[in-house]
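Participant: my questions are about this predicted structure, shown below with the sequence.
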Amino acid sequence: MRTQLPLIIVFITGILIIVTFFIPHEPFGSLEQRFLIWYSIVAGFTMLLGLDSLVRYHLLKIRDKVSGWGFSIVLLFGLFLTLGLGFYTWAKYKSPFALGSPFMFLYTYIIIPLQATMFALLAFFIASAAYRAFRARTTEATLLLIAAALVMLGRVPLGGWLWKQIVSLIDLIPGVHLASLKNLEIFARISDWIMDIPQTAAKRGIYIGIVLGGIAMSIRIILGIERSYTSGS
Amino acid sequence: MIWNIIGTWIAAGLTLAIFSFLYKDNPFYKFAEHLYVGVSAGFGVIYVWAFDLKPMLIDRFLSETGVERWILIVPAILGILMLTRWFGKIGYLSRLPIAFTVGIGAGLGITASVQGFLLPQIQATLLPLTTINNIILVVGVITTILYFYFSREFKGKSQLILKLGIIFIMISFGASFGYTVMARISLLIGRIFFLLSDWLHII
Amino acid sequence: MNFWKKLGELDRRVIYAIIGLAIVIPLVLKLIMPIRVSDTVHNAFMSIENLPAGSIVMISIDYDASSEPELQPMLIAILRHCFRKNIKVILTGQWALGLPLGEIALSRTATEYNKKYGVDYVNLGYRPGYTALMVGIGREIRDFFSTDYKNIPIDSFEFMRKVHNYNQIDLLVGLEAGATGDAWVQFAGGRFGQKMFFGATGVVAPDLYPYLQAKQITGLIAGLQGAAEYETLIKHAGTGTLGMPTQSVVHGLIILFIILGNLSYFILRKRRQ
């Protein structure tokens, strides 16, 4: 029963959703809609799943005074402060998301800077990697580097500026008149072309493969061949 | 107003604490990192309450009547069963709500992938080979698929297909890399702009 | 002779410092550079420009603070465009931690154009499980959003009373930092024929080009440059336009890094041989 019931549920819900796609009439239509609403409700609960292990792990760290346990206090303090301010703001402002409320203060001045700066750090790492690791060792790597450089040039005003400088320089040669080409924005055009044609072609090829794999996996799940989701408690 | 100033200083302090990681790992960074995890987890709980449990379950239970009211017990039970993962022994019960979401996800995924991706994408590739761009696009899609999804070893002239596939894939990775650099730099500009403008009022 | 060797072994912190300065200096100097508008952004702009007053645009906040510098200027520019044209806006979001960013942008732009909550715009908030929601909205939006994000019934807003599903939504604008855009195309677009365009981070934008070529989306605003282009089109400069000169300098620097790194590598390799 422990393994059979989940398989039956997956089969019934999966088939119902597919049948409703083709026959959206009653009773399938409203049954599908009801299942979709339930899905949304149940999906919310999954957001709580990690909470238990997070709190337990850090409580144990504090209890056993494992190295760095002070930071666990910071983490739990952050968690309970947010919960406290969230419900307080709710009671006072009727919604936790009222602008100017204590809960939104947390969002604006703690969540935004922390989350945004975490990702901003990557700019430094990617610049360092560009300098140290991107070597044109093979033809393939060279192609990658050239495409990257052209896109980086073409996607910013620098490309336009650089092109104008190149045209001005060539124009200095006696007898050559290229001034009319100054506004051609050649780097931007190359960048647009790379994105529109070869890049799009490769991405489409890759995604067609991924989607076909996804469909095959979904069919296996509905038919009960793929059962990995039932493993673990 | 005073709260805005205090908030900006807190935000600037936390921004610098994260940036300090660039020099080396240190307690300021660790403090900010742990605070982030704690506050985000707290936000998650408030979200579940504000945007899921309250409007979708509790308010509906109070406003609906008859069957529509009592049937809400089903998703409520499924949701609670999901949380049995917290308790080792009865954790297997969480397989029921997981099966429910997996079944719906798989069902939705199959039809959407075919109707919303495969058919329109293949149709958009069935182009008349009358322009160079059309030829490149069609050849690019086909050789990329062949490169990735045929495990057979290519020999002799058929190696050309493999080479062509690699060329397209490398150009695509290069373009993605260029765009990724662009994105990361933009994020850094955003943070430094905040420090210079909101905090230091230099710009 | 040791120059190339030293260059090859440059400490990462020196590189970090150079990058930091390359951002601070242009920002302080307030450099300005002309913005070239690409076709993809122009097409996105025209999708809103061609809508008559009173049309309804749904904007989905599918990002959070980690992509705020790229996508927030887009959101603000699009909201300004909508409000200027008296287009009604329904805001929602599929990324829980990003939703307040939508509210912040709404309150700011609505004040600029004297727009009223519930009359000119609403913020529906967030519901978990976006794939189910995207299909469910195709039948009845109230099944998921019977109330807005402040828990006020949406039927108390006059313009929302006639909105039931995608048929009443003239355009969907997804601001994407992940895979949610694919879901919008496949569920709302594929099954219900919803017209849409995207604004996306630089990381995600290349993945969305196949949809653009297949005309499944009408336009694409990519990265901070895209935001700057949109700001240029609505003739209202914001942080996108402000950031582009700095972005240019850093791009130039990184290309220089790649060239120098490779030069050092090849010269040293030749020497070893």
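Facilitator: Perfect, I can see it now.

Participant: can you name the element that comes right after whatever helix or strand C:Ala183 lives in?
Facilitator: When secondary structure is defined by DSSP states H and E, C:Ala183 falls within helix C:180-183. Using DSSP H and E, the helix or strand that follows helix C:180-183 in sequence is helix C:190-192.

Participant: against which helices or strands is that following helix packed?
Facilitator: In terms of contacts (3 or more CB pairs under 8 Å, 6 or more residues apart in numbering or on different chains; DSSP states H and E), helix C:190-192 is packed against helix B:95-112. No exception for glycine: its C-beta is placed from N, CA and C like everyone else's.

Participant: quick one: contacts of whichever helix or strand comes after the helix it packs on?
Facilitator: Later in the chain than helix B:95-112, the nearest helix or strand by DSSP H and E is helix B:119-125. Residues outside helix B:119-125 that contact it (CB atoms under 8 Å, 6 or more residues apart in numbering or on different chains): A:204, A:207-208, B:137-138, B:141, C:190, C:210, C:213-216.

Participant: spatially central residue in chain A, please.
Facilitator: Chain A has A:Phe119 as the residue nearest its centroid, 12.0 Å off, counting by CA atoms, centre = their mean.

Participant: secondary structure element for it, which one?
Facilitator: When secondary structure is defined using DSSP H and E, the element that contains A:Phe119 is helix A:112-132.

Participant: what of C:Ile221?
Facilitator: The secondary structure element spanning C:Ile221 is strand C:220-222 (assigned by DSSP H and E).

Participant: who touches that strand?
Facilitator: In this structure, residues lying in contact with strand C:220-222 by CB under 8 Å, 6+ apart are A:155, B:179, C:40-41, C:43-44, C:74, C:197-200, C:202, C:205, C:208-209, C:212, C:226-227, C:229-230.

Participant: report the buried residues of the lowest-mean-pLDDT helix or strand in chain B.
Facilitator: Sorting the helices and strands of chain B by mean pLDDT, DSSP states H and E puts helix B:66-70 at the bottom, at a mean of 88. Residues of helix B:66-70 include none that count as buried (16 or more other CB atoms under 10 Å in any protein chain shown).

Participant: next structured bit after that helix?
Facilitator: helix B:73-82.

Participant: so how far is that following helix from its chain's centroid?
Facilitator: Taking CA atoms, centre = their mean, to the nearest Å, one finds the center of helix B:73-82 at 26 Å from the center of the full chain.

Participant: any residue of that helix touching chain A?
Facilitator: Yes. Interface with chain A: helix B:73-82 contributes B:74-76, B:78-80, B:82 (CB under 8 Å from any CB of the partner chain).

Participant: again, but for stretch C:210-218
Facilitator: Yes. Using CB under 8 Å from any CB, a contact is recorded between stretch C:210-218 and chain A, made by C:210, C:212-213.

Participant: also stretch C:79-98?
Facilitator: Yes. Judged by CB under 8 Å from any CB, stretch C:79-98 and chain A are in contact via C:96-97.

Participant: buried ones among the residues of helix B:73-82 next to chain A?
Facilitator: When neighbours are counted using 16+ other CB under 10 Å, the residues of helix B:73-82 next to chain A contain these buried positions: B:75-76, B:78-79, B:82.

Participant: any weak-confidence spans in the chain?
Facilitator: I'll assume chain A. Segments of chain A classed as low confidence (criterion: pLDDT under 70) are A:1, A:232-233.

Participant: could you do chain B instead?
Facilitator: Segments of chain B classed as low confidence (criterion: pLDDT under 70) are B:150-154.
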